[in-house]
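Novice: Provided below are the primary sequence and the corresponding predicted coordinates.
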Amino acid sequence: MTQPDLSIIIVSWNVRELLANCLRSVLAQTGLVLQIIVVDSASADGSAAMVAAQFPQVELVACQENVGFPKGNNLGLARANGRFILLLNPDTIVHGNALAQMVFYLAENPQVGVLGPQLLNDDGTVQSSRRRFPTLRTAYFESTWLQPYAPQAVLDEYYMRDVGDGETAVVHWVMGACLMTRQEVVAQVGGLDEAYFMYSEELDYCRRVHAAGWQVVYYPQAQVTHLSGKSSEQAVAHRHINFNRAKLRYFRKYHGRFAAGTLRLFLLASYGWQLSVEAIKGAVGHKRPLRWQRVKAYWMVIRSGLKPAGY
């Protein structure tokens with residue numbers, strides 16, 4: 001049997017129509033022998049049945065529970081036998097011949113271990129998708145209520161605003177919505193860290209790839225639309241919890257227990273502050289249903305304690 005040029009792993013949860021559109025865009029790619037693996041994380045919307053009925057050429061792994069993004073990808077990696085491997089979100093649309101372009105780039109640049117395309121929003125604008133590794137200072141500003149008050153230099157450094165959107169560049173990490181690697185990298189560094197469940201797993205993976213001596217490259221000549229957060233937005237409180245637990249796991253793993261512990265207290269205090277503000281606004285009648293929805297979500301975050309696995 002001919003070895004596939006590319007194994008594509010798509011982990012999906014309750015986004016049946018988006019998944020179908022994603023698969024159609026993948027199957028429209030030309031010039032490659034593809035192995036396509038869909039790991040369905042116990043969707044309740046008929047996603048697994050849809051894949052089996054409409055895409056018989058796809059290898060379907062139907063899980064009995066929501067296993068999370070890293071574990072789902074690892075289940076796919078165990079089956080992947082292509083020269084190159086693509087981790088692809090189900091809420092994406094691959095444009096043109098992007099996958100062949102990415103495979104060719106990796107084949108021509110053997111020092112590159114991970115390649116990320118240019119991600120686009122639904123309206124065609126560029127979605128920021130390449131980063132430098134976060135510092136502890138970054139952690140207190142990025143994606144917290146303090147972000148609007150962050151020193152501009154902190155966010156400019158993190159988001160790599162000194163690198164043009166159309167410029168191919170060696171970066172620290174790329175977003176996991178569309179991340180291509182090679183079998184040799186997986187053999188050397190292993191799969192994704194399953195303790196993350198969702199968020200920061202690609203950050204962790206790219207850090208391990210860097211540590212193993214490979215480059216990570218942002219490659220805007222290949223373009224993929226990413227409809228960000230379509231799975232996670234189905235459970236808002238759990239999105240907050242998973243995001244911050246992942247953030248804390250990363251900082252515990254790479255910056256130590258004290259740094260992560262201090263950051264955890266800050267995050268819990270931040271949610272307490274936001275809960276109080278929303279409760280006051282709700283009490284005086286300003287957009288009351290929205291305010292109580294947020295109060296409930298923030299209270300769930302605080303009750304969770306935000307302790308990540310392996311904390």
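Specialist: That came in fine, so what should we check first?
Novice: C-alpha only now, for contacts and for neighbours.
Specialist: Will do.
Novice: low-scoring stretches of the stretch 151-300 of the chain, by residue?
Specialist: In the predicted model of the stretch 151-300 of the chain, residues 229-235 satisfy pLDDT under 70.
Novice: Mind doing that once more with 50?
Specialist: The stretch 151-300 of the chain contains residues with pLDDT under 50 at 232.
Novice: my guess is V38 is in a strand, correct?
Specialist: Yes: assessed by DSSP: H, G, I helix; E, B strand; the rest coil, V38 belongs to a strand.
Novice: residues in contact with it?
Specialist: 9-12, 58-61, 76 (Cα atoms under 8 Å, 6 or more residues apart in numbering).
Novice: Next: A98.
Specialist: Here A98 is in contact with 29, 221-224 (Cα under 8 Å, 6+ apart).
Novice: Can you tell me which of those residues has the most neighbours?
Specialist: V224 (26 neighbours; other Cα atoms under 10 Å).
Novice: circling back to that earlier point, between all of the contacts of A98, which two are separated the most?
Specialist: Q29 and Q221 (15.3 Å; Cα to Cα).
Novice: Just give me the closest of the contacts of A98 to K71.
Specialist: Minimum distance to K71 across the contacts of A98 is 23.6 Å, recorded for V224 (Cα to Cα).
Novice: sorry, back to before: can you list the contacts of A98 in a markdown table and add distance to A44 and secondary structure?
Specialist: Shown next, in a markdown table, are those (distance: Cα to Cα, whole Å; DSSP: H, G, I helix; E, B strand; the rest coil):
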| residue | distance to A44 | secondary structure |
| --- | --- | --- |
| Q29 | 29 | coil |
| Q221 | 37 | strand |
| A222 | 33 | strand |
| Q223 | 31 | strand |
| V224 | 27 | strand |
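Novice: Kindly reformat these as a markdown table and extend each row with distance to V38.
Specialist: Formatted as a markdown table, those follow (distance: Cα to Cα, whole Å):
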| residue | distance to V38 |
| --- | --- |
| Q29 | 17 |
| Q221 | 26 |
| A222 | 22 |
| Q223 | 21 |
| V224 | 18 |
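Novice: so which of those comes closest to H240?
Specialist: V224 (25.7 Å).
Novice: So the closest one sits against L120, correct?
Specialist: Yes: contact criterion Cα atoms under 8 Å: V224 and L120 qualify, at 6.0 Å.
Novice: What does the pLDDT read for the residue nearest to G76 when sequence neighbours are not counted?
Specialist: Distances taken as Cα to Cα, 6 or more residues apart in numbering place I9 nearest to G76, at 5.8 Å, with adjacent residues excluded. pLDDT recorded at I9 is 98.
Novice: repeat for the one 5 residues further on
Specialist: At N14, the pLDDT value in this model is 93.
Novice: OK, contacts around it?
Specialist: Counting by Cα under 8 Å, 6+ apart, N14 has contacts 43-47, 231.
Novice: who wins for neighbours among the residues you listed?
Specialist: S47 (24 neighbours).
Novice: Once you drop chain neighbours, what's closest to the residue nearest the centre of the chain?
Specialist: Central residue of the chain (Cα atoms, centre = their mean): G176, 3.9 Å from the mean position. Once flanking residues are discounted, G176 sits nearest to E202: 5.3 Å by Cα to Cα, 6+ apart.
Novice: Verify the assumption that the one you found is located in a helix.
Specialist: Yes: using three-state DSSP, the assignment for E202 is a helix.
Novice: re the thing from before, could the contacts of V38 be laid out in JSON lines, adding distance to L106?
Specialist: Listed next are the contacts of V38 as JSON lines, based on distance: Cα to Cα, whole Å:
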{"residue": "I9", "distance to L106": "18"}
{"residue": "I10", "distance to L106": "20"}
{"residue": "V11", "distance to L106": "23"}
{"residue": "S12", "distance to L106": "26"}
{"residue": "V58", "distance to L106": "24"}
{"residue": "E59", "distance to L106": "25"}
{"residue": "L60", "distance to L106": "27"}
{"residue": "V61", "distance to L106": "28"}
{"residue": "G76", "distance to L106": "21"}
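Novice: Now intersect these with the helices, please.
Specialist: Mapping the contacts of V38 onto helices (DSSP state H) picks out G76.
Novice: Near the spatially closest residue to L203 that is not a sequence neighbour, how many other residues are there?
Specialist: Spatial nearest neighbour of L203, chain neighbours left out: W173 (5.9 Å); criterion: Cα to Cα, 6+ apart. Residues lying near W173 (other Cα under 10 Å) number 27.
Novice: what about the helices in the stretch 51-200 of the chain?
Specialist: Remark: helices assigned in the stretch 51-200 of the chain by DSSP state H, counting those that start in this stretch are 69-77, 98-108, 136-141, 152-158, 183-189.
Novice: Among the ones you listed, which comes closest to A237?
Specialist: Using Cα to Cα, the helices of the stretch 51-200 of the chain put helix 69-77 closest to A237, at 17.3 Å.
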